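Visitor: sharing a sequence plus its predicted fold:
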Amino acid sequence: MCAILSAPSKIMDDLTSLSTEAFLRFNRRLPRYTSYPTAPFFEEFSPANYRNILSSLNGPVSLYIHIPFCRKMCLFCACSVVLNRSQERQEAYVQTLLDEIRLVAPFLSEEVTIREVHFGGGTPTNLTEEQFVEIFTTL
């Protein structure tokens, strides 16, 4: 349940107390939250550039892990998803994800720590408990 519905008193009071001016100031088009940097700023980069970026990281980092699988398509969704009812296909994806984590790890400095992990998709809840454990253990 969303926070607005589960804790209505304080949050709803805050939302309903917005002035019309404040509401209009925040009522504008923004890039989708799933796209950062936004698509117009994407650029190609070489494997060497990728390794340089990885090796320059230090301190806490936040990770986004995309799990693109859904059992059915939601009518409101604009995310990049794959309709999937095959556990084998999902397991192959998870194994490839684990391989990528292992490939990237050697390029990170000892100072890099994971502060947050955000799963998105698709439907990350399609992952089995064992798959979540494998991902977090590999991280």
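Guide: Ah, there it is.

Visitor: would you confirm that G59 contacts E110?
Guide: No: checked against C-beta atoms under 8 Å, the pair G59 and E110 is beyond contact range at 11.1 Å. For glycine as for every other residue, the C-beta is placed from the backbone atoms N, C-alpha and C.

Visitor: the strands in this protein, which residues?
Guide: Ranges of strands in the chain, per DSSP state E, are 60-67, 69-70, 82-83, 113-121.

Visitor: next one: the longest one to chain centre, how far?
Guide: The reference is to strand 113-121. 7 Å (C-alpha atoms, centre = their mean, to the nearest Å).

Visitor: quick check: mean pLDDT of that strand?
Guide: For strand 113-121, mean pLDDT is 88.

Visitor: adjacent strands (with direction) for that strand?
Guide: strand 60-67 (parallel) (DSSP bridges).

Visitor: how about the partner strand: buried residues?
Guide: Of all the residues in strand 60-67, those buried under the rule 16 or more other C-beta atoms under 10 Å are 65-67.
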